[in-house]
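*Asks:* Below: sequence and its predicted model.
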Amino acid sequence: MFLRSCPMRDIAETIARQHGVTLSEIRSLSRRRPAAWARQEVISALVLSGRSQSAAARFVNRTYWTAAHALEAVSERRALAKLEAA
């Protein structure tokens, strides 16, 4: 995958900009929805780029279990968006 060669920080900063938050907010303890959703998207993107769930979780200062939940939450939001678009 071409994203594997892209630094995790670059992926995270791109997603942070798309969500209107900073990388610091994503890596912080903030539970505000914009930061939390961006954090979940970062974890998903990192895993899709070939990083392990553990590595993605460590990057955003969370646990493996939080990363597992993030992947499920992103998947559910994407499925819902697909249904709403149909």
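*Replies:* All right, it came through fine.
*Asks:* okay, CA-based contacts and neighbour counts for the rest of this
*Replies:* Noted.
*Asks:* remind me which residues of the chain are low pLDDT?
*Replies:* 1-4 (pLDDT under 70).
*Asks:* Please name the nearest non-neighbouring residue to the most centrally placed residue in the chain.
*Replies:* With distances taken as C-alpha atoms, centre = their mean, Val42 lies nearest the centre of the chain, 2.1 Å away. Nearest non-adjacent residue to Val42, counting by C-alpha to C-alpha, 6 or more residues apart in numbering: Ala12, 5.5 Å away.
*Asks:* Now do the SS call for that neighbour.
*Replies:* helix (DSSP: H, G, I helix; E, B strand; the rest coil).
*Asks:* and the longest helix for the chain?
*Replies:* helix 64-85 (DSSP state H).
*Asks:* which helices and strands sit right next to that one?
*Replies:* Judged by 3 or more C-alpha pairs under 8 Å, 6 or more residues apart in numbering; DSSP states H and E, helix 64-85 is in contact with helix 33-48, helix 53-59.
*Asks:* among these, which is the most enclosed?
*Replies:* helix 33-48 (a mean of 22; mean count of other C-alpha atoms under 10 Å).
*Asks:* Which neighbouring elements make contact with it?
*Replies:* Partner elements for helix 33-48 (3+ C-alpha pairs under 8 Å, 6+ apart): helix 8-19, helix 23-27, helix 53-59, helix 64-85.
*Asks:* C-alpha coordinates for it, CSV please?
*Replies:* Extracted C-alpha coordinates of helix 33-48, given in CSV (Å, rounded to 0.1, in the frame of the first residue of the first chain):
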residue,chain,number,x,y,z
ARG,A,33,-17.1,14.9,19.5
PRO,A,34,-15.0,16.6,16.8
ALA,A,35,-11.8,15.4,18.4
ALA,A,36,-13.1,12.0,19.2
TRP,A,37,-14.4,11.4,15.7
ALA,A,38,-11.2,12.7,14.1
ARG,A,39,-9.3,10.4,16.4
GLN,A,40,-11.4,7.4,15.3
GLU,A,41,-10.8,8.4,11.7
VAL,A,42,-7.0,8.6,12.3
ILE,A,43,-7.0,5.2,13.9
SER,A,44,-9.0,3.7,11.0
ALA,A,45,-6.7,5.4,8.3
LEU,A,46,-3.6,4.2,10.1
VAL,A,47,-4.9,0.6,10.3
LEU,A,48,-6.0,0.7,6.6
